[in-house]
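> sequence first, predicted model second:
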Number of protein chains: 2
Amino acid sequence: MSKVDKEAIIRAAEEVVREKGARKLTLDAVAAQCGLSKGGLLHHFRTKQALLQAMLESSIACESELAAEYAAKGGDSGGPLASRIHSMFALMEDEETLPRALIAAVAEDPALLEPIKAKEAKIRDELGGKCSDPDLALLLLFATRGLFLGRVLGVMEPGDPIFERLRKRLLELSADLD
Amino acid sequence: MSKVDKEAIIRAAEEVVREKGARKLTLDAVAAQCGLSKGGLLHHFRTKQALLQAMLESSIACESELAAEYAAKGGDSGGPLASRIHSMFALMEDEETLPRALIAAVAEDPALLEPIKAKEAKIRDELGGKCSDPDLALLLLFATRGLFLGRVLGVMEPGDPIFERLRKRLLELSADLD
DNA sequence: CAAAACCAACCAACTAGACGGTATGTTAGC
DNA sequence: GCTAACATACCGTCTAGTTGGTTGGTTTTG
């Protein structure tokens, strides 16, 4: 039988947010999405908040992994800024796990965002220490995030050619900084 | 007597989102916030969706007004890009009406974002026609939005000096384009 | 080695309260 | 006396979480 682990539940929750909106991320909906009873779901996550927290943590880990992967692959051709730009664009193309978790968390309880804040601070430190022009690096990072969140929130169409054009542009500009 | 008009109700709704999160934007909470019974509230907005729509429209109008104001004041010292940058920063500093409405709308029903999409397209057309380097202009616009949404979602602290530094930087860069 | 004890993983049924919306007033001003 | 602007009471539904199981596999023990 199809084993149901925590990872699968998190995926199901993300699916619910994508399909029906963050407001309708209910335990019943998640349970139905992954073919589980509500009782079974609550066996894995004892409260809804625990589920949301797990969603956020999983997303953060996913983004970090992507960034690390790019940093390793690119060797010395790209610094930390390029890695971040790459990872955010990759997140946009593949899945939108982080954004969905983020929307759900903000809707439910803004206090859940603390871990994101912490990560934000880390990234900024990283860039500040290594770049010749930290403010400009941050500006490029925020531009990437602007695109990212525009896509996430649904204000921009997925196939828009602007994504590819701006990705190139951002990487060019970041190359002068790293 | 404290008259309660639609504008006051929208403000109250924004207040609820700020204080308790988008998920707890309920008709009861809004009614309580503006000292009205639920029945009274529903007299002004027949459904919750109508209220959300009004929140979004009010916010969009507010942003447009700010941009127009800056465009008029700045005369020819700033083009459309500078106006937009100014207006988004102004929104961040003064109140966060748009963001709050946006979060609530996304949480409730992503389809409510259509008017925002339309406005987005308009702004992009505007920049594309008038700037020497449209892609770079968009990049700066997205950087502003990245800051804006970072603030809105609560991942960045309000008083962070980075806002002021990047605002200056963005305006400098935009001056070469407009 | 087999019975007994245990345990994680699940489910169905339920509860208490929250929520959106309706139905039916009431009151103040034109 | 008609209408806009409220209020009160209520309804059906939805929701997070609880309770009390069952089942199948593993571990312990006589």
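Thanks, I have it.

> report the angle between the helix or strand bottoming out on mean pLDDT in chain A and helix B:97-108.
Using mean pLDDT, DSSP states H and E, helix A:97-108 stands out as the lowest-scoring helix or strand of chain A, at a mean of 82. Counting by axes from the mean of the first three to the mean of the last three C-alpha atoms, to 10 degrees, helix A:97-108 lies at 100 degrees to helix B:97-108.

> distance from helix A:97-108 to the middle of the chain?
9 Å (C-alpha atoms, centre = their mean, to the nearest Å).

> return the set of buried residues in the longest helix along chain A.
When chain A is parsed with DSSP state H, its longest helix is helix A:48-74. Of all the residues in helix A:48-74, those buried under the rule 16 or more other C-beta atoms under 10 Å in any protein chain shown are A:48, A:51-56, A:58-60, A:62-63, A:66-67, A:70-71. Glycine gets a C-beta too; all of them are placed from N, C-alpha and C.

> re the thing from before, following the least confident helix or strand of chain A, which helix or strand comes up?
For helix A:97-108, the following helix or strand on the C-terminal side (DSSP states H and E) is helix A:114-130.

> could you say which helix or strand holds A:L141?
helix A:134-153.

> does the longest helix of chain A reach DNA strand D?
Yes. Judged by C-beta under 7 Å from any atom of the strand, helix A:48-74 comes into contact with DNA strand D at A:48-49.

> report whether that helix contacts DNA strand C.
No. Residues of helix A:48-74 contacting DNA strand C under C-beta under 7 Å from any atom of the strand: none, with a closest distance of 13.2 Å.

> how far off centre is that helix?
7 Å.

> what residues sit buried inside the helix or strand just after it?
Later in the chain than helix A:48-74, the nearest helix or strand by DSSP H and E is helix A:80-93. For helix A:80-93, burial by neighbour count (16+ other C-beta under 10 Å) applies to A:80-92.

> likewise for stretch A:145-163?
Going by 16+ other C-beta under 10 Å, stretch A:145-163 has these buried residues: A:145-156, A:162-163.

> just put the residues you listed in JSON lines and tack on pLDDT and distance to A:E126.
Conversion of the buried residues of stretch A:145-163 to JSON lines gives the following (pLDDT from 0 to 100; distance: C-beta to C-beta, whole Å):
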{"residue": "A:R145", "pLDDT": "93", "distance to A:E126": "15"}
{"residue": "A:G146", "pLDDT": "93", "distance to A:E126": "20"}
{"residue": "A:L147", "pLDDT": "93", "distance to A:E126": "20"}
{"residue": "A:F148", "pLDDT": "90", "distance to A:E126": "18"}
{"residue": "A:L149", "pLDDT": "86", "distance to A:E126": "21"}
{"residue": "A:G150", "pLDDT": "87", "distance to A:E126": "24"}
{"residue": "A:R151", "pLDDT": "86", "distance to A:E126": "24"}
{"residue": "A:V152", "pLDDT": "79", "distance to A:E126": "23"}
{"residue": "A:L153", "pLDDT": "79", "distance to A:E126": "26"}
{"residue": "A:G154", "pLDDT": "80", "distance to A:E126": "30"}
{"residue": "A:V155", "pLDDT": "84", "distance to A:E126": "29"}
{"residue": "A:M156", "pLDDT": "87", "distance to A:E126": "27"}
{"residue": "A:I162", "pLDDT": "92", "distance to A:E126": "27"}
{"residue": "A:F163", "pLDDT": "93", "distance to A:E126": "25"}
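
> circling back: looking at the buried residues of helix A:80-93, which is nearest DNA strand D?
Nearest to DNA strand D among the buried residues of helix A:80-93: A:L91, at 25.7 Å, using C-beta to the nearest atom of the strand.

> pretty sure that closest one contacts A:C62?
Yes. Using C-beta atoms under 8 Å, A:L91 is in contact with A:C62, at 7.4 Å.

> quick check: neighbours shared by the two?
Listed contacts common to A:L91 and A:C62 are A:97-98; contacts here mean C-beta atoms under 8 Å, 6 or more residues apart in numbering or on different chains.

> pLDDT below threshold where in chain A?
By pLDDT under 70, the weakly predicted segments of chain A are A:1-3, A:74-77, A:178.

> and whichever strand or helix holds A:L171, what does it pack onto?
Following DSSP H and E, one finds A:L171 within helix A:162-175. With contacts taken as 3 or more C-beta pairs under 8 Å, 6 or more residues apart in numbering or on different chains; DSSP states H and E, helix A:162-175 sits against helix A:80-93, helix A:134-153, helix B:134-153.

> and the ones you listed as TSV, adding distance to DNA strand D?
Shown next, in TSV, are the helices and strands packed on helix A:162-175 (distance: least, C-beta to the nearest atom of the strand, whole Å):
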stretch	distance to DNA strand D
helix A:80-93	26
helix A:134-153	21
helix B:134-153	21
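
> reformat those helices as CSV; add distance to B:P115.
Formatted as CSV, the helices and strands packed on helix A:162-175 follow (distance: least, C-beta to C-beta, whole Å):
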stretch, distance to B:P115
helix A:80-93, 23
helix A:134-153, 13
helix B:134-153, 16
